[in-house]
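In: The amino acid sequence is not available; the structure is as follows:
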């Protein structure tokens, strides 16, 4: 009887410790962030080679680019819709900011300037 009681007590203690650990890790997690770039294509051929380069650079630092560039855009309210929108998910706002200050991003500037005109680019931090 004591052996069964010890096993049940051990299971309950393990469950409690696991719940506390999970809650602690969740509390430490930073909210995700999303960058949104409103763009106009200047040179379609240059754009075709630039996009894979920037996607590769973003993925190399753990970002998750959504396949929105070139997708249909429908204005719902406010100003007219931009011609092109690129959205990328980041693990945190700090990760996004670091990328856009990085050498990898700076090195892509000549290609970017030839391929597209940036109307506006901003980051949005998700709320929990």
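Out: Thanks, I have it. Because the structure is a prediction, the values reported are computed rather than measured. Numbering: from 1, shown residues only.
In: Give me the three-state assignment for residue 87.
Out: strand (DSSP: H, G, I helix; E, B strand; the rest coil).
In: who's in contact with it?
Out: 34, 35, 36, 37, 65, 66, 68 (C-beta atoms under 8 Å, 6 or more residues apart in numbering). Every C-beta, even on glycine, is put in place using the N, C-alpha and C of the backbone.
In: Just the buried ones from those residues?
Out: Buried members of the contacts of residue 87, scored by 16 or more other C-beta atoms under 10 Å, are 34, 35, 37, 65.
In: From the contacts of residue 87, which land in helices?
Out: Taking DSSP state H, every one of the contacts of residue 87 sits outside helices.
In: Pipe those into CSV and attach distance to residue 101 and pLDDT per row.
Out: Formatted as CSV, those follow (distance: C-beta to C-beta, whole Å; pLDDT from 0 to 100):
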residue, distance to residue 101, pLDDT
34, 17, 98
35, 13, 97
36, 18, 97
37, 16, 97
65, 18, 96
66, 22, 96
68, 23, 94
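In: Among those, which ones are in strands?
Out: When strands are assigned by DSSP state E, the members of those inside them are 34, 35, 36, 37, 65.
In: For stretch 95-109, measure first residue to last.
Out: Length of stretch 95-109, first residue to last, C-alpha to C-alpha, to the nearest Å: 19 Å.
In: in that stretch, what counts as buried?
Out: Buried, per 16+ other C-beta under 10 Å, within stretch 95-109: 95, 96, 99, 105, 108.
In: Closest one of these to residue 46?
Out: residue 108 (11.6 Å; C-beta to C-beta).
In: May I have the residues that are in contact with the residue nearest the centre of the chain?
Out: The centre of the chain sits closest to residue 89, judged by C-alpha atoms, centre = their mean, with a distance of 1.6 Å. Contacts for residue 89 (C-beta under 8 Å, 6+ apart) come out as 32, 33, 34, 63, 64, 65, 66.
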